[in-house]
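**Student:** Make a model of this:
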Amino acid sequence: MKKIFIVSLGVVILAITGNIALAQTQVKNTKAPTMNFSCVQTAVATREAAVQQAFTKFNATVLTALQTRAAALNTAWGTTDAKTRRSQRAAAWETYRVANQTARNTLKTERTTAWNTFKTTSTGTCRVEVVETETGDNL
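**Tutor:** Numbering: from 1, shown residues only. Below you'll find the predicted structure:
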């Protein structure tokens, strides 16, 4: 019984010693990843250009919606029939509301896509984890 215990204890000690040596070897061979900052710069520039383009598109869409609304309201107020005028005004405002909401949804989608692409590129291609988020922008 003593022999089995001593042999078992010896095996356990060897296993522990082997694991410690293996762990030390693994730590010694681990290298810090090389930071590719120029890759991140390119990813940031691409993201910012996409966000700017999304806002430019948003602004143009809202401006067109405002111009369309102004023309429709002008036509409505030029109508003498009260029932027709009321329905034209309601249609002008509803068309504007839908166009404005669509523009906002498109902007949100395009910004989200730009940020997701940036996160994928920075962590994947560039191999740099960038902790950067878009804040303070409620559009």
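**Student:** on contacts alone, who are the packing partners of whichever strand or helix holds residue 63?
**Tutor:** According to DSSP states H and E, residue 63 maps onto helix 37-77. Here helix 37-77 touches helix 82-120, going by 3 or more Cβ pairs under 8 Å, 6 or more residues apart in numbering; DSSP states H and E. (C-beta placed from N, C-alpha, C; glycine too.)
**Student:** which helices and strands sit right next to the helix it packs on?
**Tutor:** Using 3+ Cβ pairs under 8 Å, 6+ apart, helix 82-120 is in contact with helix 37-77.
**Student:** now the helix it packs on, how far from the centre of its chain.
**Tutor:** Centre-to-centre, helix 37-77 and its host chain are 18 Å apart (Cα atoms, centre = their mean, to the nearest Å).
**Student:** That one relative to helix 82-120, how many degrees between them?
**Tutor:** Relative orientation of helix 37-77 and helix 82-120, computed by axes from the mean of the first three to the mean of the last three Cα atoms, to 10 degrees: 180 degrees.
**Student:** For residue 10, give me the pLDDT.
**Tutor:** Per-residue pLDDT puts residue 10 at 55.
**Student:** tell me the domain boundaries of this protein?
**Tutor:** 1-30, 35-139 (automatic domain parsing).
**Student:** Chain neighbours aside, what residue packs nearest to residue 88?
**Tutor:** Computed as Cβ to Cβ, 6 or more residues apart in numbering, the closest residue to residue 88 that is not its neighbour in sequence is residue 76, at 3.5 Å.
**Student:** contacting residues for that neighbour?
**Tutor:** Residue 76 is in contact with 85, 88-89, 92, counting by Cβ atoms under 8 Å, 6 or more residues apart in numbering.
**Student:** Please check the residues you listed and keep the buried ones.
**Tutor:** By neighbour count, with 16 or more other Cβ atoms under 10 Å, those hold 88-89, 92 as buried.
**Student:** and which of those is nearest residue 54?
**Tutor:** When these are compared for distance to residue 54 (Cβ to Cβ), residue 92 wins out at 26.6 Å.
**Student:** burial measure for residue 129, as a count.
**Tutor:** Other residues near residue 129 come to 9 when the count uses other Cβ atoms under 10 Å.
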